[in-house]
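J.: the following block contains a protein sequence and its predicted model.
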Amino acid sequence: MALKQATSVPPCSPRAAAGAVIEGGARSDASLCKSGVEVIETEARALSSLVSRIDHDFAQACRLMLQCKGRVVVTGMGKSGHVGRKIAATLASAGTPSFFMHPGEASHGDLGMITAGDVVLAISNSGGTSEIVTILPLIKRLGVPLVTLTGDPRSRMAEAADVNINVGVEEEACPLGLAPTASTTATLAMGDALAIALLEARGFSAEDFARSHPGGRLGRRLLLHVADIMHTGDDMPSVSMDVPISQALMEMTRTGLGTTAIVDDNRKVLGIYTDGDLRRTLDRELDVHKARIAEVMTTECVTVSPNILAAEGLKVMEDREINALLVVDEDHRLVGVLSMHDLLRAGVI
């Protein structure tokens with residue numbers, strides 16, 4: 001049976017670039033990239049339009065949240081709800097206590113989450129989301145400030161609000177004008193603007209941020225101190241200055257740190273012996289069983305306090321190009337040893 005020859009459109013032809021469907025129902029790279037660029041450009045225009053709306057209403061919304069003795073309760077339905085969850089999370093991590101409340105569940109008991117000291121931040125592109133409109137009288141009855149982010153400043157939600165911020169866009173990136181795209185991007189950006197303005201107004205620091213992110217890398221870098229991760233006790237390699245080099249090597253091997261401290265009877269640090277020192281020792285062809293460690297140790301060794309941040313210890317190692325640090329107290333007595341592996345395990349690196 002003869003097969004009818006199929007015709008195809010070259011991938012780089014004007015027709016393909018215009019979005020024509022080619023063999024197998026696929027679209028060309030040029031067509032797909034064209035669609036992607038148009039989306040980004042549409043959303044960029046939507047974001048640019050927000051700049052002029054950072055005005056008195058924006059400042060007033062910030063003041064209401066700064067004066068809030070409770071929490072910012074964010075609510076929104078559908079895609080606005082997804083955006084609202086992210087805004088609530090950003091506010092909370094940036095120093096403004098906040099949580100998300102589903103507006104549908106609010107009508108069935110969750111409205112009890114709102115207390116007298118809270119502020120409600122309600123999100124709706126249309127400004128007429130039925131689930132939120134239903135609970136507006138109850139929010140007003142509670143007497144809590146209501147801030148809204150809407151795409152229609154004449155909507156029911158906007159008119160009921162103490163402050164409304166207009167996040168409307170001229171067009172969605174969706175070619176059908178249906179899927180929330182540019183509008184959700186604009187709303188999310190306005191939420192970020194509120195969160196960061198509040199962060200700066202509160203004087204929220206990197207250390208404050210780390211306290212709410214103890215499991216993240218930044219939290220570990222800003223909260224962990226050398227004392228939290230250094231080797232101590234029997235895991236802390238040390239020998240006296242009178243021992244032979246071979247004994248110092250055994251101590252280095254026992255702890256696996258590639259170094260050992262040399263201390264006096266009061267545990268004061270006299271020097272350090274490392275893998276690098278060992279290589280120099282071998283170049284001198286010394287008898288490691290007879291020569292004393294005092295002959296080959298490094299006396300001007302780098303030491304740090306146990307109270308500094310682990311990240312500071314890391315910087316010292318990087319600047320000096322070393323893999324271990326001796327940790328000493330105010331009397332220069334050995335209290336610990338910090339290695340690069342300790343920093344790696346702790347997630348500081």
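T.: That came in fine, so what should we check first?

J.: could you list the low-pLDDT ranges of the chain?
T.: Along the chain, the model assigns pLDDT under 70 to residues 1-25, 205-222.

J.: domain ranges for it, per the record?
T.: Using automatic domain parsing, the domain parsing of the chain gives 50-204, 226-345.

J.: just those: most buried one?
T.: domain 50-204 (a mean of 19; mean count of other C-beta atoms under 10 Å). All C-beta atoms are positioned from the backbone trio N, CA, C, and that covers glycine.

J.: now the domains of the chain as TSV including distance to Val39?
T.: Output for these, formatted as TSV (distance: least, C-beta to C-beta, whole Å):
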stretch	distance to Val39
domain 50-204	4
domain 226-345	40
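
J.: tell me the contacts of the closest residue to Thr134 other than its chain neighbours?
T.: Nearest non-adjacent residue to Thr134, counting by C-beta to C-beta, 6 or more residues apart in numbering: Ser107, 5.7 Å away. Neighbour list for Ser107: Glu131, Thr134, Ile135 [criterion: C-beta atoms under 8 Å, 6 or more residues apart in numbering].

J.: what distance do you get for the second one to Ala160?
T.: Between Thr134 and Ala160 the distance, using C-beta to C-beta, to the nearest Å, works out to 12 Å.

J.: again with the first one
T.: From Glu131 over to Ala160 the distance is 14 Å, taken as C-beta to C-beta.

J.: against which helices or strands is the helix or strand encompassing Ser246 packed?
T.: Here Ser246 sits within helix 245-255, counting by DSSP states H and E. Secondary-structure packing of helix 245-255 (3 or more C-beta pairs under 8 Å, 6 or more residues apart in numbering; DSSP states H and E): strand 238-240, strand 259-263, strand 269-274, helix 275-283.

J.: how about the helices of the stretch 101-250 of the chain, start to end?
T.: Listed in chain order, the helices of the stretch 101-250 of the chain (DSSP state H, counting those that start in this stretch) span 103-106, 130-142, 156-160, 182-202, 206-211, 217-223, 226-229, 245-255.

J.: for the third one, the distance to its chain's centre please.
T.: Relative to its parent chain, helix 156-160 has a centroid offset of 35 Å by C-alpha atoms, centre = their mean, to the nearest Å.

J.: who does it touch, helix- and strand-wise?
T.: So helix 156-160, by 3+ C-beta pairs under 8 Å, 6+ apart, packs with helix 130-142, strand 146-150, strand 163-166.

J.: quick one, the second one and helix 182-202 angle?
T.: Read it as strand 146-150. Following axes from the mean of the first three to the mean of the last three C-alpha atoms, to 10 degrees, one obtains 140 degrees for the angle between strand 146-150 and helix 182-202.

J.: can you give the strand pairings for strand 146-150, parallel or anti for each?
T.: strand 119-124 (parallel), strand 163-166 (parallel) (DSSP bridges).

J.: what about the last one, distance to the chain center?
T.: Once both centres are worked out by C-alpha atoms, centre = their mean, strand 163-166 turns out to sit 29 Å from its chain's centre.

J.: what does it contact?
T.: 53, 57-58, 60-61, 64, 145-151, 153, 157-158, 190.

J.: gap between Pro175 and Asp118?
T.: 40 Å.

J.: isn't Leu257 up against Val337?
T.: Yes: using C-beta atoms under 8 Å, Leu257 is in contact with Val337, at 6.0 Å.

J.: list residues touching both of those two?
T.: Counting by C-beta under 8 Å, 6+ apart, the contacts common to Leu257 and Val337 are His231, Pro237, Ala324.

J.: export the helices of the stretch 101-250 of the chain to TSV and tack on distance to Arg292?
T.: Formatted as TSV, these follow (distance: least, C-beta to C-beta, whole Å):
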stretch	distance to Arg292
helix 103-106	76
helix 130-142	79
helix 156-160	82
helix 182-202	58
helix 206-211	46
helix 217-223	41
helix 226-229	30
helix 245-255	7
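
J.: tell me which of the ones you listed lies nearest to Leu32.
T.: When those are compared by C-beta to C-beta, helix 182-202 sits nearest Leu32, at 19.3 Å.

J.: same for that closest one, what does it pack against?
T.: Where contact means 3+ C-beta pairs under 8 Å, 6+ apart, helix 182-202 is packed against helix 29-50, helix 56-66, helix 79-93, strand 146-150.

J.: what is the first one packed up against?
T.: It stands for helix 29-50. helix 14-17, helix 182-202.

J.: the last one: how far from the chain's middle?
T.: For helix 182-202, the distance from its own C-alpha centre to the chain's C-alpha centre is 16 Å (C-alpha atoms, centre = their mean).

J.: from Met241, how far out is the residue nearest to Cys301 when sequence neighbours are not counted?
T.: In this structure, Cys301 finds its nearest non-sequential neighbour in Ile272, 3.9 Å apart by C-beta to C-beta, 6+ apart. Relative to Met241, Ile272 is positioned 11 Å away (C-beta to C-beta).

J.: between the two, what contacts are shared?
T.: Residues touching both Ile272 and Met241 (C-beta under 8 Å, 6+ apart): Ile262, Met297.

J.: list the contacts of Tyr273.
T.: Tyr273 makes contact with Ile245, Ala248, Met252, Thr259, Thr260, Ile262, Ile293, Val296, Met297, Thr298 under the criterion C-beta under 8 Å, 6+ apart.

J.: and those as CSV, adding distance to Ser80?
T.: Listed next are these as CSV, based on distance: C-beta to C-beta, whole Å:
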residue, distance to Ser80
Ile245, 71
Ala248, 67
Met252, 62
Thr259, 58
Thr260, 62
Ile262, 66
Ile293, 70
Val296, 70
Met297, 67
Thr298, 64
